[in-house]
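Q: Structure for the following, please:
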Amino acid sequence: QIKTYLCFFNIEIVMKLKNNLGLIGMMGSGKSTIGISIAKEIRFKFIDTDKEIEKAEKKSISKIFEEKGEKYFREIEKKIILELLTKDQNVFAFGGGSFLNKDVRMNIINRTTSFWLNWKNDTLIDRIAGSRKRPKVQNLTTKELNDMINKRAIIYREAKYKIECDDLNKNEISKKILSLYIDEKN
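A: Numbering: from 1, shown residues only. Below you'll find the model as predicted:
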């Protein structure tokens with residue numbers, strides 16, 4: 001569906017784009033879904049940093065947390081993200097907690113055009129509560145999830161753009177991001 005929007009953009013401008021595009025936000029905010037769609041549209045490579053960590057470690061994020069702990073995970077996450085950010089023409093979906101690390105955050109801000117996919121807390125909680133794939137939230141209460149979302153939002157605000165997603169569908173979110181990204185490059 002999104003391909004219909006590209007006709008509004010100058011294809012020569014799209015082909016000259018080099019800067020990475022980065023999606024940040026809470027787990028369950030749709031970073032991978034939106035990122036895949038955008039990457040196809042502008043012919044960039046899509047990179048889900050959590051998947052890259054799983055590939056490097058040869059195990060799931062849950063298993064890494066379980067066997068080696070969050071501190072180890074955050075160290076490997078930082079190393080892999082900083083390495084990935086040295087390349088151009090990528091659309092990144094960054095793990096929900098990665099932007100909390102100051103070094104990672106500064107590199108994302110400096111090496112990508114960053115977009116925060118923001119949703120109402122209730123929407124996110126409905127998507128992530130009790131998820132076994134997400135070790136940080138697996139046993140949290142609704143109040144604890146609200147607190148986590150609110151604390152992270154303070155840091156997510158440092159992204160270049162904030163996209164309010166609740167009243168938009170996937171195609172509208174992608175179109176809005178692409179418009180801002182391409183307008184910035186003109």
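
Q: who are the neighbours in contact with the spatially closest residue to Arg111 that is not a sequence neighbour?
A: Closest residue in space to Arg111, ignoring its immediate chain neighbours: Leu85 at 4.5 Å, by Cβ to Cβ, 6 or more residues apart in numbering. All C-beta atoms are positioned from the backbone trio N, CA, C, and that covers glycine. Residues near Leu85 by Cβ atoms under 8 Å, 6 or more residues apart in numbering: 20, 92, 107-108, 111-112.

Q: run the last query once more with 7 Å
A: Leu85 sits next to 20, 107, 111 when contact means Cβ atoms under 7 Å, 6 or more residues apart in numbering.

Q: A helix includes Ile149, no?
A: Yes - with DSSP: H, G, I helix; E, B strand; the rest coil as the criterion, Ile149 is part of a helix.

Q: Contact partners for it?
A: 26, 121, 124.

Q: which residue sits closest to it, ignoring its sequence neighbours?
A: Asn121 (5.0 Å).

Q: ok, the one you found - how many residues close by?
A: 16 (other Cβ atoms under 10 Å).

Q: shaky segments in this protein?
A: 1-18, 130-132, 134-135, 185-186 (pLDDT under 70).

Q: residue ranges of the strands in it, please?
A: Along the chain, the segments classed as strands by DSSP state E run 20-24, 45-48, 90-93, 112-118, 161-164.
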